[in-house]
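[1] what shape does this take:
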Amino acid sequence: MGRTVVAEKYLESEVKTLVGSGAKYGLIIGQNTTGRAVVAHLCCTPPSEAASDSPVNDSWIAKHAKQVIQLLPGGMDILGLFVVASPDLFKSHETQLRSALTAIYRALEKLPQLHDTETDERLVALLDPRTKKVTCRSLELSSLTSSLRPAEWRFQELRWHRAQSALSVQVTSGVGVLAAETSLLRQVMTSLEPFLSSLADASCLVDGKLVDGDALLSGDDEKPGKSAGKTFAFDLLYDTTKTPPSEQLLEPVEAVIRINGRIHCLAYLHTKATVSEAAAALRRDARRSLAARCQMHCDSLVEEQPSDEAATVLHEPPRRVLAPLSGSAVHVSDYLYPGDTPGDSLQTLSELFGLQLEVDDVLDTVEVASEERAHSECSSAAEALDEIQEQLQQAGGGGIGCLHLLLAAAIVGVGILVSSLLLIGPRPPGTQ
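    Numbers count the residues shown, from 1 in each chain. Coordinates of the predicted model:
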């Protein structure tokens, strides 16, 4: 029996739109589960200017896949590809279809921790422009002798559970002599690796409660036929000793990188997912999110002339925004540089995912720019300080009022420290 593929109901009408839009091929986005694949979206690959005799331009769709994977939330992955063509293409161009699939996953192998490597079975779907029907096959890429096997594709209403977490990132890392010769991106990602590795052993609180990892995410009250999934708040409790503070850096270093902030993590799970599956999806989302924004930030930097003056450089990487997939509860990401607005995401979301959105569709409140958030928190703290001072004056308080004010000021300082993701570094050579 072939693999079962269940696609979001809204995609049934989306297929009719795709085959009439001039689209040629694209990526299948969804989630692999035990026994079946769940499809959340079909995103067309933008047209390529390069001529190709094959139904799919291998290098072009592979490049598209590398860009898309970093913007997917946890739990979502690239399941395969689709081509607008009749089912006869399976017989006439099986070699070319295998080649295109291989190109996609060979490109993703360079980002092994950003995508699902637990399954080797990938999908190829043909969207018949005449009948508007979908014919699907699966292929095991690891076997050179495997052939395309029939897969049952059907549409149905789907529900997704949403897991989210506000993850605090506090990393201090020394850059050694040899590492100082590498790119800034390499230095930053190397600095983040101990922190990301520590998340693998993190304990989880779900809605404030410690839950067994093998338990269903939805608990025992899951009822078939409900119209919507649930949202769960996760706290990932990780070992902070794996990311030592700067005073514990023992060896001389060329520079010190500090990464402080709080990021929004997001994952979508099928309704039978366990707590451990949700935690794993959130960990992958954290890695994708940090990798994406650090890559964007480092690529945007203009090379500066080296200076002999001791200096600390403060960087603010892009912040995360979310946008809904048409007809689905699933949201994908984009990242905005300081000063950008949600409208700046519309072109990226259109080109990579084929989404036609309005500015109001982009959710830009999950992470707030550092200046805006710091100003908001300072204003709130100032109001709190005024209220405390007024209460103390009314009560005739004396010395203890100073302690209250100092404590409130300390809280303001902490709020500013973790309000956004910041990179601080490097120090001048020769310091430690």
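
[2] shouldn't Gly74 be in contact with Glu277?
    No - judged on C-beta atoms under 8 Å, Gly74 makes no contact with Glu277 at a distance of 10.0 Å. All C-beta atoms are positioned from the backbone trio N, CA, C, and that covers glycine.

[3] these two: who's more crowded?
    Taking other C-beta atoms under 10 Å, Gly74 and Glu277 do not tie; Gly74 has more neighbours (25 against 21).

[4] partner residues bridging that one?
    Ala267 (DSSP bridges).

[5] chain neighbours aside, what residue packs nearest to Leu79?
    Ile28 (4.5 Å; C-beta to C-beta, 6 or more residues apart in numbering).

[6] where does that neighbour fall, secondary structure wise?
    Secondary structure from DSSP states H and E places Ile28 in strand 25-33.

[7] that strand packs against which elements?
    For strand 25-33, the packing partners by 3 or more C-beta pairs under 8 Å, 6 or more residues apart in numbering; DSSP states H and E come out as strand 36-44, helix 58-69, strand 77-84.

[8] give the pairing partners of the last one; include direction for each.
    Read that as strand 77-84. Sheet partners by DSSP bridges: for strand 77-84, these are strand 25-33 (antiparallel), strand 121-127 (parallel).

[9] and those: which comes nearest His331?
    strand 25-33 (12.1 Å; C-beta to C-beta).

[10] and that closest one with helix 58-69, angle?
    Relative orientation of strand 25-33 versus helix 58-69 (axes from the mean of the first three to the mean of the last three C-alpha atoms, to 10 degrees): 50 degrees.

[11] isn't the residue nearest to Leu79 right next to Ala125, touching?
    Yes - using C-beta under 8 Å, Ile28 is in contact with Ala125, at 6.3 Å.

[12] quick one: common contacting residues for these two?
    Contact criterion C-beta atoms under 8 Å, 6 or more residues apart in numbering; residues shared by Ile28 and Ala125: Gly80, Leu81, Phe82.

[13] from those, pick the one nearest Arg262.
    Closest to Arg262, out of all of these and judged by C-beta to C-beta, is Gly80, at 35.0 Å.

[14] count the neighbours of the nearest residue to the closest one once chain neighbours are set aside for me.
    Counting by C-beta to C-beta, 6+ apart, Leu123 is the residue found nearest to Gly80 once chain neighbours are left out, at 3.2 Å. Using other C-beta under 10 Å, Leu123 is surrounded by 23 other residues.

[15] is Leu123 bridged to anything, and to what?
    With DSSP bridges as the criterion, Leu123 is bridged to Gly80, Ser138.

[16] same question, Ile29
    His41, Ile78.

[17] make 8 the first number, not 1, from now on.
    Right, with 8 as the first residue, what we last looked at is Ile36.

[18] tally of neighbours for Phe360?
    The number of residues packed near Phe360 is 24, by other C-beta under 10 Å.

[19] that one is in contact with Gln74, isn't it?
    No - counting by C-beta under 8 Å, Phe360 stays clear of Gln74, with 10.1 Å between them.

[20] re earlier: can you list the strands paired with strand 84-91 in a markdown table and add distance to His168?
    Shown next, in a markdown table, are the strands paired with strand 84-91 (distance: least, C-beta to C-beta, whole Å):
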| stretch | distance to His168 |
| --- | --- |
| strand 32-40 | 11 |
| strand 128-134 | 23 |
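
[21] domain boundaries for the chain, per the record?
    11-163, 168-317+324-374 (automatic domain parsing).

[22] surely Thr87 and Ala132 touch.
    Actually, residue 87 is Gly. It isn't Thr. Yes - in this structure, Gly87 is within contact of Ala132 by C-beta under 8 Å, at 7.1 Å.

[23] give me the common contacts of these two.
    Common contacts of Gly87 and Ala132 (C-beta under 8 Å, 6+ apart): Ile35.

[24] who has more neighbours out of the two?
    Gly87 (27 against 24).

[25] need the contact list for that one.
    Contacts of Gly87 by C-beta under 8 Å, 6+ apart are Leu34, Ile35, Leu108, Ile111, Arg129, Leu130, Val131, Ala132, Ser145.

[26] isn't the fifth one up against Ala110?
    By that I understand Arg129. No - checked against C-beta under 8 Å, the pair Arg129 and Ala110 is beyond contact range at 11.7 Å.

[27] who has more neighbours out of the two?
    Ranked by neighbour count (other C-beta under 10 Å), Arg129 and Ala110 place Arg129 first, with 23 against 20.

[28] ok so, going back, list the contacts for the residue nearest to Gly87?
    Arg10, Val12, Ile35, Ala44, Leu86, Gly87, Leu88, Cys143, Arg144, Ser145, Leu146, Ala158.

[29] got it, and Leu297?
    Applying C-beta under 8 Å, 6+ apart, the residues contacting Leu297 are Val176, Leu199, Leu203, Ile270.

[30] tell me which of the residues you listed is nearest to Lys23?
    Taking C-beta to C-beta as the measure, Lys23 sits nearest to Ile270 out of these, at 38.4 Å.
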